[in-house]
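Asks: structure of the sequence below:
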Amino acid sequence: MKKFQSESLIIAFCRAYRFPLNVKSTVMQLHRFIQKEIALDEVHMVYLALFLGIKIEEIQDSMLDKLEIFFVSKMNRKELFEKEVLLAGKLDYNFVFENVYVKAYGLMVRLSESNLIEIKTGDFETVEKMIDKALCTNYSSIQDVVLFGVAKYYKLNWEKMCDEYGGVLDNLNAIDTEYNTINLLSKEECLMPETPEK
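Replies: Predicted coordinates:
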């Protein structure tokens, strides 16, 4: 059995197949939802989040095969489908997964129009990576994640940002504390074999 780093694997998979940012955003939020709603081993939790999240975003091209190739392992497809049905009963399909990256870019544009920041080439890609890490924390809301990523990158006053754009300062501080302990791993690092028991 291999040791999985769930969020890092999800991000690595989405980057490997160059999925649109809305797909990565949905899968990350769905993974968090699954953790709260379904008793499932970590490996299949990642499979299910990716499989269902990508399906929700209407990309289904050979996903099960892609998952098995990427993770170099066979999945229990029967269990996966059973859990998908179970999860479908818990999802409110009136709820829309937020595209955290679009929200972040929109905030950057608003700040730029107010002359509070200057958006330079490469800024958004860096903010995207910071948001990836923030999504791996025990965040309270997507809005807090967005404010954290943008405010931290541009070194803006967090309290003013929260007052102006509806965040919670304590939540941003909590994200920051956890953020500094997170390292996004590569696929190879995520799938390191467990150390054999002596």
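
Asks: pretty sure residue 5 sits against residue 188.
Replies: No. Assessed by C-beta atoms under 8 Å, residue 5 is found out of contact with residue 188, at 11.1 Å. All C-beta atoms are positioned from the backbone trio N, CA, C, and that covers glycine.

Asks: who's more crowded, the two?
Replies: When residue 5 and residue 188 are compared on other C-beta atoms under 10 Å, the one with more neighbours turns out to be residue 5, at 22 against 8.

Asks: so who does that one touch?
Replies: Neighbour list for residue 5: 185, 189-190 [criterion: C-beta atoms under 8 Å, 6 or more residues apart in numbering].

Asks: residue 133 against residue 185, yeah?
Replies: No. In this structure, residue 133 is not within contact of residue 185 by C-beta under 8 Å, at 11.3 Å.

Asks: tell me which of those two has more neighbours.
Replies: Between residue 133 and residue 185, counted using other C-beta under 10 Å, residue 133 has the larger neighbour count: 22 against 16.

Asks: quick one: contacts for the more buried one?
Replies: Residue 133 neighbours (C-beta under 8 Å, 6+ apart): 179, 182, 184.

Asks: okay, now the second one: neighbour count?
Replies: Residue 182 sits with 16 neighbouring residues when counted by other C-beta under 10 Å.

Asks: for this structure, which helix is longest?
Replies: helix 21-37 (DSSP state H).

Asks: which strands and helices lie in contact with the next helix or strand after that one?
Replies: Using DSSP states H and E, the helix or strand that follows helix 21-37 towards the C-terminus is helix 42-56. With contacts taken as 3 or more C-beta pairs under 8 Å, 6 or more residues apart in numbering; DSSP states H and E, helix 42-56 sits against helix 6-16, helix 21-37, helix 63-71, helix 77-88.
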